[in-house]
Every structure is written in C-alpha cells, then in structure tokens.
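Asker: Fold the following.
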Amino acid sequence: VNATPLLPGQSVAFQAGGVWREQLTVPSSGSAGHPITFTSYGSGALPLISAAVVVSGLWNAGSNIWEKTGVTTQPPLVIISSTLGTLKTSRASCTSPGNWYWVSGTLSVYATSDPSGLVEVGARTSAIDVNAQSYITIDGIHVTGATGGDVNPSYFGGGISVPLNSSHVIIQNVTSENNRNYDVLVVGSDHVLIQYNTFGSVVGNGTTYGDAICVWGYTSWDNVNGYVGVSPSTNVNIEHNVVSGTFGRQGIAPLNIDGGNVSDNTITYCGMGTAIDIEPDYLWTINNLAVSRNHIASGCSGVDRNISASPYSTAILTNVTISDNQLLVSNPVMGLYLASTGGTNVASGNTISNIGTGIGIVVDPGTWTISNNVVGGNGSGRGMYIGNGDITRPTVSTISGNTVFGLLYGIEVMGGTGAVTATI
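Answerer: Coordinates of the predicted model:
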C-alpha cells in the first residue's frame, strides 16, 4: 500500500482480525468530496496495524523473570499480553506481571509462565503516518506499538501521526493504545476531525510527553534562539472520544490551535498532568476554542487538574469557552484552572463535584466570566479561588449565578504579586 499511488475516492480495506506489523504511510491525497479512505471489512476484531515486533525465545531466569539476550538497545516501550508494560529501575524490582527492565543487551520481563510470543517491543515511529496528505479518512482500524519521536522538538510520530501541512483528515472509529508519546499527534495541520475513537494507555518520555491526543502547531527549532517560526493548527475538532488508561502526561492536549472544539468526550484519566490541557507555551497560540459537554473522572494521585487553560511564557490564550462539562474531582488539586492573555473567555454551566481539600475553580491570572457553575464537595476545600501570581497580567473576573456548597470556603479573592479585580 505504501508504494501504491491511490486516486481520490479510492479505499483500502484491511480484513477484520488481521495483523500487519509495519508502518502504513499514506502515499497520496484525495480531493474535496473524494477522500482516500483506509478502513476494514468483514466481521470480528478491528484489523491491527502494529508498530511493534514480537519477542520470542525468552528463557526462564528464575523468580518469574524471563529474559531475552541480544536486545542491543533499550526498547522505547514494551507491551506484555496486550498491556503496556512498566519499566522498572532494576531487574530485582520486577515483581509483578507487566514489569520489565533492560540492561547491557538483556530484556527482563516478569511473568508467571513463559511469555514468548506475548511480548512486543516498539520498533517504528508510527503505526499510521498521514504523510502530509490531504482529504484522508482513517476509519475502523486498531493501532498500537508506536515509539513516537525523539528529537528536539519531538513533533512527529505516535500511533497515528498527522504531520505538518496535512489537511482535511478524519480519524474515526479507531482504537489507538499502548503507544509511546502519543496515541494521535497533529502538527501544523488544517481541518482535522477526531471522533468516535477509543484511546488507551500511553507511556511518556519522562514528564514531557505521553498524551492520548496532542495538537501542536508548526514549530521549528533553532539551537541559538529555541522555538521559532510558529503557526497553529487550525479547525481541529475532537469529539465523542473515549479516553481511558494511564498516561505519561495529559489526556487531551490542545496546545496550539486557532479554531476548533473539544466536546462530548468521556475521559477516565490517570496521569501526571491534566485530563484536558489547554496549554500554549513559547510562541504558541490558543484562540477560538470551545471545550464543552465533556465527562471527566480522574482516579490517581498524580492528576493535577481536570481542565486547565494556562498560557506559559510568551504564549497567547484568547477567546476560550469552557461550558457544560461534568467533572468528578477525586484526586486533583483543581477542577478548572483558568488563565488567559486577553479576549473573551467564559466558564459556564460546568458541574464540579466531589471536591475534598482541593479547589473547584481557580483564576490566576486572566480575564474570565464565570457563571452558572455548580461546585460541590464534602471537605475543607474552596469553591473558587481568584488570585494573581503574575505582575505582567491582571486578574479580572466577573462571577455570577454560581452555586457552591459543602466546602469550607465559597469564593476566596486573594491578592498576589499582580492586580486582582473581581465583580461578584
């Protein structure tokens, strides 16, 4: 398929239940009204495109440790019995199924019986690479085992990669899981629709990557000046997806978008960051983004926030609406964290529940209208906290029509290093 020129309107169908251990690289573009479609046929499990290779011939090293020699470099990820393995710090610390360790050319895996044929190591950057093509539909395929990119900036690779200058791409009815860095990565692309997919666990690269869905703009890297030449992805819509598993960083991460929405997604999140992270950095931009009707339940101690809108450094965040989301706050410090650099920003109609010692809504700093939210809990936490730790930007908040109950503090307005104005 990779070497076959395809014409607009043509389809490539993979048989249900089949397995392809290679990278699918889209060879050509469709046209308006005539996309090139990659899909499945037949009954049974979705066809699997795996970027991983199978490891067999492991030998019993004792204490339920099985080993394979001749693995010359440390694997970027290991999948054991179709579950993302956990890299341990030593061979001795491999004490539970799914644990693995590598040193000096030897891969060690914990298993109670011979895992040969059930162990996979990531071997290719992506399972599917859209390859800067246009009018492409990916429908009903299972992808796994991608290693992601490892350069600075690491803006390529993942289960499905939508690289710079791709456009009019639809990803739907896909299962993407057990990848490194990203299940889906979109970079500097236009008109991308990601809908009705299921996303599973992603291993990160330290604390810097590990997202189910990540959307960057175009960013070039200069060793002297850092990130230069930035332009956002445009018209990106992320809708009706299920995100469930353990992630190295974020669940859904729109980081550089002008125009789009994140809506009607169900996220059961366990990671080291935020379920939905609207977080431009450097010279990046978030503008005209709607985040609505998402259902989020977070369930591990590493989670910091359910939804965060937080520009860093010289980034721009304007005209964001966060509305009608259902947030179950079990472990995070905050339900909503809101900051901005200008424009009209609104948080309304959200329900934030189960707050203990945390905070329902934080504004610090930025201009936000906060209305008709319901914030509740059963502990010593705060319903809302309005503050400012940035001397360069004021906090200006208009707060009305909200309901706060079951917490020690309702609305707390605090000073800081920057100016704070709150109309309640």
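Asker: worst-scoring helix or strand of this structure, pLDDT-wise?
Answerer: When the helices and strands of the chain are compared on mean pLDDT, DSSP states H and E, strand 226-231 comes out lowest with a mean of 68.
Asker: After that strand, which helix or strand is next?
Answerer: strand 233-239 (DSSP states H and E).
Asker: so how far is that next one from its chain's centroid?
Answerer: 14 Å (C-alpha atoms, centre = their mean, to the nearest Å).
Asker: Find the residue ranges of the stretch 301-424 of the chain scoring beneath the pLDDT cut-off.
Answerer: Residue ranges of the stretch 301-424 of the chain with pLDDT under 70: 301-303, 331-332, 391.
Asker: residue ranges of the strands in it, please?
Answerer: 305-309, 316-323, 326-328, 334-338, 346-348, 351-355, 359-363, 366-371, 374-388, 395-400, 403-416, 420-423 (DSSP state E, counting those that start in this stretch).
Asker: Any chance of those strands in CSV with distance to Pro97 and mean neighbour count as columns?
Answerer: For the C-beta atoms, the positions are set from N, CA and C on the backbone; glycine is no exception. Listed next are the strands of the stretch 301-424 of the chain as CSV, based on distance: least, C-beta to C-beta, whole Å; neighbours: other C-beta atoms under 10 Å:
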stretch, distance to Pro97, mean neighbour count
strand 305-309, 31, 27
strand 316-323, 40, 21
strand 326-328, 29, 21
strand 334-338, 34, 28
strand 346-348, 43, 20
strand 351-355, 31, 21
strand 359-363, 38, 27
strand 366-371, 46, 22
strand 374-388, 36, 20
strand 395-400, 49, 19
strand 403-416, 40, 15
strand 420-423, 51, 14
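Asker: So what's the predicted local confidence for Thr219?
Answerer: At Thr219, the predicted lDDT confidence score is 69.
Asker: wouldn't Trp100 be in contact with Leu84 here?
Answerer: No: shown here, Trp100 and Leu84 do not form a contact pair, counting by C-beta atoms under 8 Å, at 10.3 Å.
Asker: What is the burial count for the spatially closest residue to Thr83 that is not a sequence neighbour?
Answerer: Once flanking residues are discounted, Thr83 sits nearest to Gly98: 5.9 Å by C-beta to C-beta, 6 or more residues apart in numbering. Close neighbours of Gly98, defined as other C-beta atoms under 10 Å, add up to 17.
Asker: Asn205 too?
Answerer: If we define neighbours as other C-beta under 10 Å, then Asn205 has 17 of them.
Asker: in which helix or strand would I find it?
Answerer: Using DSSP H and E, no helix or strand contains Asn205.
Asker: Correct me if wrong: it contacts Tyr182.
Answerer: No: the pair Asn205 / Tyr182 is not scored as a contact, 10.3 Å apart, by C-beta under 8 Å.
Asker: shouldn't the residue nearest to Thr83 be in contact with Ile80?
Answerer: Yes: using C-beta under 8 Å, Gly98 is in contact with Ile80, at 5.3 Å.
Asker: sorry, back to before: Trp100 and Leu84: which is more packed in?
Answerer: Trp100 (25 against 21).
Asker: Phi, psi for that one please.
Answerer: Main-chain torsions, Trp100, degrees, to the nearest 10: phi -150, psi 160.
Asker: List the residues that contact it.
Answerer: 78, 80, 85-88, 94, 107-110 (C-beta atoms under 8 Å, 6 or more residues apart in numbering).
Asker: how about 7 Å then?
Answerer: Trp100 makes contact with 78, 80, 85, 87-88, 94, 107-109, according to C-beta atoms under 7 Å, 6 or more residues apart in numbering.
Asker: from those, which single one is nearest Gly210?
Answerer: Leu87 (12.6 Å; C-beta to C-beta).
Asker: which non-adjacent residue is nearest that closest one?
Answerer: Trp100 is the one closest to Leu87 (C-beta to C-beta, 6+ apart), at 6.1 Å.
Asker: how close does Thr83 get to Ser96?
Answerer: Using C-beta to C-beta, to the nearest Å, Thr83 is found at 12 Å from Ser96.
Asker: These two: who's more crowded?
Answerer: Comparing Thr83 with Ser96 by other C-beta under 10 Å, the one with more neighbours is Thr83, at 16 against 10.
Asker: who does Trp20 bridge with?
Answerer: When bridges are called by DSSP bridges, Trp20 pairs up with Ile49.
Asker: I'd say it and Ala52 touch.
Answerer: No: under the criterion of C-beta atoms under 7 Å, Trp20 makes no contact with Ala52, lying 11.5 Å away.
Asker: more crowded one of these two?
Answerer: Ala52 (24 against 15).
Asker: if I pick that one, what's in contact with it?
Answerer: Counting by C-beta under 7 Å, 6+ apart, Ala52 has contacts 79, 120-123, 144-145.
Asker: How much space separates the closest residue to it other than its chain neighbours from Gly85?
Answerer: Leaving aside its sequence neighbours, Ala52 sits nearest to Gly145 (C-beta to C-beta, 6+ apart; 2.9 Å). Distance of Gly145 to Gly85, given as C-beta to C-beta: 12 Å.
Asker: Comparing these two, which shows the higher neighbour count?
Answerer: In this view Gly145 and Gly85 are compared by other C-beta under 10 Å, and Gly145 has more residues nearby, 29 against 24.
Asker: Tell me where the stretch 1-150 of the chain is predicted with low confidence.
Answerer: 150.
Asker: Need the overlap of contacts for Trp100 and Leu84.
Answerer: Counting by C-beta under 7 Å, 6+ apart, nothing touches both Trp100 and Leu84.
Asker: residues near Ile170, how many?
Answerer: Neighbours of Ile170 using other C-beta under 10 Å come to 18.
Asker: Can you show me the CA trace of whichever strand or helix holds it as PDB?
Answerer: Using DSSP H and E, Ile170 maps to strand 167-172. Output in PDB follows, covering the C-alpha atoms of strand 167-172 (Å, rounded to 0.1, in the frame of the first residue of the first chain):
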ATOM      1  CA  SER A 167      -5.400  18.900   5.800                       C
ATOM      2  CA  HIS A 168      -9.000  17.600   5.800                       C
ATOM      3  CA  VAL A 169      -8.100  14.500   7.800                       C
ATOM      4  CA  ILE A 170     -10.800  12.400   9.500                       C
ATOM      5  CA  ILE A 171      -9.900   9.800  12.200                       C
ATOM      6  CA  GLN A 172     -12.900   7.800  13.400                       C
END
